[in-house]
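Trainee: need a structure here:
(4 chains)
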2 protein chains.
Amino acid sequence: MTSFTVTASSLEQTRVLDEWESAVIDLFLHAANSFGLPKSYGQIYGLLFCRDEPLAMDEVMELLQISKGSASQGLRALRQLGAVSSTYAQGDRKERFVAEIRLRKLVSGFLREQADPHLEKGVARLKQIEELLGNTSSENSQIRGVRRHEVLSGWHRQMGRLLPWVKMIVGKSDRLPPKNKK
Amino acid sequence: MTSFTVTASSLEQTRVLDEWESAVIDLFLHAANSFGLPKSYGQIYGLLFCRDEPLAMDEVMELLQISKGSASQGLRALRQLGAVSSTYAQGDRKERFVAEIRLRKLVSGFLREQADPHLEKGVARLKQIEELLGNTSSENSQIRGVRRHEVLSGWHRQMGRLLPWVKMIVGKSDRLPPKNKK
DNA sequence: CATTTTGTTCAAAAAAACTTGAACAAAAGG
DNA sequence: CCTTTTGTTCAAGTTTTTTTGAACAAAATG
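Mentor: Residues are numbered from 1 along each chain as shown, chains lettered A, B, ... in the order given. As a prediction, this is how the structure comes out:
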């Protein structure tokens, strides 16, 4: 009676979002935002995170109600970050996507794409500042500038040391620890 | 002849930016941006970072050519982050600001203000998802949801563990190491 | 008090970031 | 080839964030 097309589980859950899924998607939306990524990237990742089966771009568009452009760009960027990977289902032309769910991978991808480039640009900037210090007419200012340059170099070195540690630490216990107690 | 008002160093450098200072300010402008802070915060911090003497708000405004509003809000936010501290020069009504230059302090302030609140909101969100899982009609979906909730909880725990380490690691060798070689 | 100096607030303007969708390519099928 | 399906690109539109500046408060000065 009321239970009509209800047990269409594995293959039909694809069409609508469960409440909890919306909440997870929303969580990732906010998370993406605070990592400086567009909201839509968060939504897309969140959706894939929820699902067991790979989704194609058009399914992502429909489920999240976002445009082709956003879906395309979002999926590409997420793959670039290593947050999503794609497969081609046998005998189907569509590319389908799944979320990378290992925190270590997510973090290291993020650092590789976001932090590492900044560190490299940092080298160039420091070099540039060093050059400008040559121009400086006032001796006092130059001395001050050299000190600041040293401080910045120190910070740069520190950051370079920190990143590998972060990757390590997050790697530990990627799997859930055995549940003890109750 | 050519050296006229030239040696007005310590107290008069205040009026203009040296080239290297502009470069440092620009560096912090970009850095702020990639930490998700407004550019003006970066500029203000950068300026103070360059200077030995504390600067008042109107000096910041003039040197950076920014509005009263930006200067006021920027300085307040930076103080909140622990990136800047203020003093009142004896017999002067103006509040004057200096940059916190110890990386450890900067990082821990940033984490305290930005990361910690997110972790706390995370707890609430996880709880909410857990509740929504109760509503879920499809058994399969619920099971899937429980799994995802477990994954998210694991991530949350990991992040909670990571932050203290970051504060530690950055703390090491805050001072420049003794220069050996050459 | 009235005045001056210093600093905050917040609505409106400006700038930046994100999203959209239509036009365009690329590849598969027939 | 021509058509269909799938996916990319990017200019224009939308939304969000940041900055501005004028009005306002607070505190010191005389």
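Trainee: and the residue of chain A found nearest DNA strand C, helix, strand or coil?
Mentor: Nearest residue of chain A to DNA strand C, counting by CB to the nearest atom of the strand: A:Gly69, 2.1 Å away. Heads up, the C-betas are built off the backbone N, CA and C, glycines and all. Here A:Gly69 is recorded as helix under DSSP: H, G, I helix; E, B strand; the rest coil.
Trainee: how close does it sit to A:Ser40?
Mentor: 10 Å (CB to CB, to the nearest Å).
Trainee: and the two? which has more neighbours close in?
Mentor: A:Ser40 (21 against 10; other CB atoms under 10 Å in any protein chain shown).
Trainee: Do I have it right that A:Ser40 meets A:Ser70?
Mentor: Yes: with contacts counted by CB atoms under 8 Å, A:Ser40 reaches A:Ser70, the gap being 4.5 Å.
Trainee: Just give me the residue closest to the centre of chain A.
Mentor: Centroid check for chain A by CA atoms, centre = their mean gives A:Phe110 as the closest residue, at 5.1 Å.
Trainee: which non-adjacent residue is nearest that residue?
Mentor: A:Leu81 (6.1 Å; CB to CB, 6 or more residues apart in numbering or on different chains).
Trainee: which residues touch that neighbour?
Mentor: A:106, A:109-110, A:113 (CB atoms under 8 Å, 6 or more residues apart in numbering or on different chains).
Trainee: per-residue pLDDT, it?
Mentor: Confidence at A:Leu81, expressed as pLDDT, is 97.
Trainee: Tell me how far it lies from B:Gly109.
Mentor: From A:Leu81 across to B:Gly109, the span is 27 Å (CB to CB).
Trainee: Give the rounded mean pLDDT of the helix or strand harbouring A:Ser22.
Mentor: Element membership for A:Ser22 (DSSP states H and E) is helix A:19-34. Model confidence over helix A:19-34, given as mean pLDDT, is 97.
Trainee: hmm, that helix touching DNA strand C?
Mentor: No: judged by CB under 7 Å from any atom of the strand, helix A:19-34 stays clear of DNA strand C, getting no closer than 7.5 Å.
Trainee: Please save the CA atoms from that helix in CSV.
Mentor: The C-alpha trace of helix A:19-34 is given here as CSV (Å, rounded to 0.1, in the frame of the first residue of the first chain):
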residue,chain,number,x,y,z
GLU,A,19,17.9,14.7,5.0
TRP,A,20,21.2,13.6,6.5
GLU,A,21,22.8,13.9,3.1
SER,A,22,21.7,17.5,2.8
ALA,A,23,23.2,18.1,6.2
VAL,A,24,26.5,16.6,5.2
ILE,A,25,26.5,18.5,2.0
ASP,A,26,25.9,21.7,4.0
LEU,A,27,28.7,20.8,6.3
PHE,A,28,31.1,20.5,3.4
LEU,A,29,29.8,23.7,1.9
HIS,A,30,30.8,25.6,5.0
ALA,A,31,34.1,23.7,5.3
ALA,A,32,35.0,24.5,1.7
ASN,A,33,34.2,28.1,2.3
SER,A,34,36.5,28.3,5.3
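Trainee: part of a strand, is A:Phe97?
Mentor: Yes: A:Phe97 forms part of a strand when assessed by three-state DSSP.
Trainee: mind listing what it touches?
Mentor: A:48, A:54-57, A:60, A:75, A:78-79, A:84-87.
Trainee: Tell me, what's the model's pLDDT at it?
Mentor: A:Phe97 is assigned a predicted lDDT (pLDDT) of 98.
Trainee: Quick check: beta-bridge partners of it?
Mentor: Beta-bridge partners for A:Phe97, by DSSP bridges, are A:Leu55, A:Ser86.
Trainee: Now the phi/psi pair for A:Ile66, please.
Mentor: phi -120, psi 170 (degrees, to the nearest 10).
Trainee: tell me the secondary structure for A:Glu53?
Mentor: coil.
Trainee: next one: A:Gln158
Mentor: helix.
Trainee: That one: neighbour count?
Mentor: For A:Gln158, using other CB under 10 Å, the count is 18.
Trainee: Same check on A:Gly36?
Mentor: 11.
Trainee: which parts of stretch A:54-63 are buried?
Mentor: A:54-57, A:59-61, A:63 (16 or more other CB atoms under 10 Å in any protein chain shown).
Trainee: Max pairwise distance over those: which two?
Mentor: A:Pro54 and A:Met61 (14.9 Å; CB to CB).
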